[in-house]
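Engineer: sequence unknown, structure follows:
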């Protein structure tokens, strides 16, 4: 029975679907630098890839629609004098990208209009930066745009500082002094707070404009890197790291609480860092292991991470990027898309899809998503304003129209609360209709009906007056609407066949609802049978008095007998129902087992096919 109860979730059957090799991005030279970043960043138009190049650092920008084998010579984004360690796309302009390098510089780039990797020019021209931000004295390992304010960029450096830049003016307005090297950082949805993890194994939450940490906790105890990600509009933070025994862990934090909610949860003993990615639309957390091919995804519910499923692949990833929600394919029921690096030579898109049969827009899995309009300007943010950006309705994208903006708080817009409230509303309107005639009936509903049914069993002792009273009582019966026509059709049967097939059914049905009226109905019956012998006190009529009491006692015995039979019947039915429920539970468990076997078999076949394809390519080469 326990296997029948499964937690309800719209995303319980999400599955990852890989892309065929010919539709991936091949012939790449992904950076082999050992710095712990994701190597790849994505937006709905382009991919930015840390590039392995000589003569200074560079990164490549690949249009998403140019799949297949990339030319041997492509235009690179050059300007750094050392390896590029991290990149990040502007959330409000798909052509603006920032980069961080080992040379201590932060640069801002603009993708040229109509940019493509395929050109007929004899000499490939590289793209130059549009702005250089200097201020760090050591390498810059991370850059991250503010998700709410326009042109606000955070950069974390090995000089133990996090600088906040206004890329419009090129000025550094805020500097956060960190006690150790920053390993990861993440903004809150309104852009007011910043969470960081560092080598000193501490988790810090910063009030950025006050330039101080408001919370500081002891994080994961392992020596390897830990990551943190702010969970969108929730006041929660998810972290990944390692225990002292080098087990991979996940934890859920609330700002202001020293210990993680529910403690640290162990995942496995693999040595690669877990890269976390939060999807605010589906409330799902994706964990991609660096150095392995698995991508786990969890659903956040009731302050817990409920495991959904796992995408498994034989090709390990060093870097991975997830697409913003406004760029997913809503026509294919896609809820997330990832781009993972494989063997440092190609990038494979992975589509996470919710299987649905309907070919219409699935509004329950597509709440409004953040659009390309910022909530405030850089100056307003620096002056202390806090707001969440406007969102767009994904249904307008599904219809092929321009994105329609909705309120920043998606809960009233996406929650289908009015629909369920309207659905049960018609039910009470239909119920009062049959209740109206009941109000016009006689006041004693169950008593008179039981009197008539019991008297029908002893109708051979009745006189004509009692039969007339019985007819009157049948007319004034107020039993349920379903039983009323049964009484009318059964009336002639009582007169012709005084046996009791129709009446015991009524008595059993009536007594099953109110059991007490049976006892109260017997005195009127004895009083009704008694008046016949009462006026004659002679010896002969006296013999009729026990004869009048006998049918009443007999009818009560028959009622008791019927009740006992009904109880036995109910017990038998309940036992059958329990047996059937057990069989159904066993069948459900067998179906789940078969599904798992089929899924594992399909996965094994796909992995074998992939291996054969690789061997075939190796043989051809």
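Structural biologist: Received the coordinates, thanks. Being a predicted model, the structure only gives us computed values, none of them experimental.
Engineer: how about the strands in the stretch 151-300 of the chain?
Structural biologist: Using DSSP state E, counting those that start in this stretch, the strands found in the stretch 151-300 of the chain span residues 152-157, 161-166, 171-177, 182-187, 193-198, 202-207, 212-218, 227-230, 237-242, 248-253, 265-268, 274-279, 284-289, 295-301.
Engineer: partners of the last one in the sheet?
Structural biologist: I take that to be strand 295-301. strand 284-289 (antiparallel), strand 304-311 (antiparallel) (DSSP bridges).
Engineer: And the host helix or strand of residue 16, what's buried?
Structural biologist: Using DSSP states H and E, residue 16 maps to strand 15-18. Neighbour-count burial for strand 15-18, counted by 16 or more other CB atoms under 10 Å, picks out 16, 18. (Each C-beta comes from the backbone N, C-alpha and C, glycine too.)
Engineer: Using just helix, strand and coil, how would you label the closest residue to residue 157 other than its chain neighbours?
Structural biologist: Nearest non-adjacent residue to residue 157, counting by CB to CB, 6 or more residues apart in numbering: residue 136, 4.0 Å away. Secondary structure, DSSP: H, G, I helix; E, B strand; the rest coil: residue 136 is coil.
Engineer: wait, residue 136 sits on residue 163?
Structural biologist: Yes: between residue 136 and residue 163 there is a contact under CB atoms under 8 Å: 6.8 Å.
Engineer: neighbour-wise, which of those two wins?
Structural biologist: Under the neighbour definition other CB atoms under 10 Å, residue 136 and residue 163 were set side by side, and residue 136 has more, 23 against 20.
Engineer: Can you give me the distance of that one to residue 100?
Structural biologist: Here residue 136 is placed at a distance of 9 Å from residue 100 (CB to CB, to the nearest Å).
Engineer: and for these two, which residues touch both?
Structural biologist: Between them, residue 136 and residue 100 share these contacting residues under CB atoms under 8 Å, 6 or more residues apart in numbering: 106, 155.
Engineer: Counting by contacts, list what the lengthiest helix in the chain packs against.
Structural biologist: For the chain, the longest helix by residue count, based on DSSP state H, is helix 539-620. Helix 539-620 sits against helix 445-457, helix 502-512, helix 517-529, with contacts defined as 3 or more CB pairs under 8 Å, 6 or more residues apart in numbering; DSSP states H and E.
Engineer: Please state the offset of that helix from the chain centre?
Structural biologist: 31 Å (CA atoms, centre = their mean, to the nearest Å).
Engineer: cool, stretch 46-54 as well?
Structural biologist: That offset, for stretch 46-54, works out to 35 Å (CA atoms, centre = their mean).
Engineer: ok, now stretch 139-153?
Structural biologist: 30 Å.
Engineer: How far does that stretch stretch from one end to the other?
Structural biologist: One end of stretch 139-153 sits 16 Å from the other (CA to CA, to the nearest Å).
Engineer: Please apply the same query to stretch 181-192.
Structural biologist: Stretch 181-192: ends 22 Å apart by CA to CA.
Engineer: Give me whichever of the strands paired with strand 295-301 is most buried.
Structural biologist: Highest mean neighbour count of the strands paired with strand 295-301: strand 284-289, a mean of 23 (counted as mean count of other CB atoms under 10 Å).
Engineer: and the angle from it to strand 274-279?
Structural biologist: In terms of direction (axes from the mean of the first three to the mean of the last three CA atoms, to 10 degrees), strand 284-289 departs from strand 274-279 by 160 degrees.
Engineer: And for strand 284-289, what's in contact with it?
Structural biologist: So strand 284-289 is in contact with 11, 14, 229, 231, 238, 240, 248, 250, 267, 270, 272-279, 294-300, 305, 308, 317, 320, 322, 335-336, 338, 340, going by CB under 8 Å, 6+ apart.
Engineer: Read off the pLDDT value for residue 529.
Structural biologist: In this model, residue 529 is scored at 39, pLDDT.
Engineer: what does stretch 200-218 rub up against?
Structural biologist: The contact list for stretch 200-218 (CB under 8 Å, 6+ apart) reads 154, 162, 164, 174-180, 192-198, 219-222, 226, 228, 237, 239, 253, 255-256, 258-259, 381-382, 384.
Engineer: Using neighbour counts, trim those residues to the buried set.
Structural biologist: In the contacts of stretch 200-218, the ones that pass as buried (16+ other CB under 10 Å) are 154, 162, 164, 174, 176, 178, 192-198, 219-220, 222, 226, 228, 237, 239, 253, 255, 381-382.
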